[in-house]
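*Asks:* Below are the sequence and a predicted model for it; my questions follow.
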Amino acid sequence: MSVFGIFGRVIVEGTSMTPTYNPQDWLLIRNRILKKPLTLNEGDVVVIEREQQPGILYIKRITEIERGRSGPERFFVRSDNESGTDSRTWGLLQSEEIVGKVVARIRRG
């Protein structure tokens, strides 16, 4: 991931988000700044880095947000491609695992 201030760029490598995003597409993301959570909604596409897999980034769509009365938000994410790995395997994600929100795409190839 390349970072430019509040924005970053990721290049899609896998097929878990096809047909929405394809390998070699470039995605512009709005980064989480100083651990401050982003404003996120169901349907947003996000870049995540799971606590259990540091250094590995995934692109997924938020399908459910669990808002606890006293605890932090947790997120259920899905791949657009049904065969992709996502919260059906991992479970809910913490807000700290969300690196950024996709704001634009440049198709490559």
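*Replies:* Here it is on my side, so go on.
*Asks:* The closest residue to Tyr21 other than its chain neighbours: neighbouring residues, count only.
*Replies:* In space, not counting the residues next to it along the chain, Tyr21 is nearest to Val12; the distance is 4.9 Å by C-beta to C-beta, 6 or more residues apart in numbering. Yep, even glycine has a C-beta here, placed from its N, CA and C like the rest. Neighbourhood size, Val12 [other C-beta atoms under 10 Å]: 19.
*Asks:* Tell me how far Val12 lies from Glu66.
*Replies:* Val12 is 27 Å from Glu66, where distance means C-beta to C-beta, to the nearest Å.
*Asks:* Equivalent analysis for Leu28, please.
*Replies:* From Leu28 to Glu66 the distance is 28 Å (C-beta to C-beta).
*Asks:* Okay, now the unreliable bits of this structure?
*Replies:* Scanning the chain for pLDDT under 70 picks out 1-5, 34-37, 109.
*Asks:* Could I get the full set of helices for it?
*Replies:* 87-90 (DSSP state H).
*Asks:* quick one, strands of it?
*Replies:* 2-4, 7-11, 26-31, 45-48, 58-66, 74-78, 93-94, 98-106 (DSSP state E).
*Asks:* Same list, those, but as JSON lines with distance to Gly84 and mean neighbour count please.
*Replies:* Formatted as JSON lines, the strands of the chain follow (distance: least, C-beta to C-beta, whole Å; neighbours: other C-beta atoms under 10 Å):
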{"stretch": "strand 2-4", "distance to Gly84": "24", "mean neighbour count": "10"}
{"stretch": "strand 7-11", "distance to Gly84": "16", "mean neighbour count": "16"}
{"stretch": "strand 26-31", "distance to Gly84": "16", "mean neighbour count": "18"}
{"stretch": "strand 45-48", "distance to Gly84": "12", "mean neighbour count": "22"}
{"stretch": "strand 58-66", "distance to Gly84": "8", "mean neighbour count": "18"}
{"stretch": "strand 74-78", "distance to Gly84": "8", "mean neighbour count": "20"}
{"stretch": "strand 93-94", "distance to Gly84": "15", "mean neighbour count": "19"}
{"stretch": "strand 98-106", "distance to Gly84": "15", "mean neighbour count": "17"}
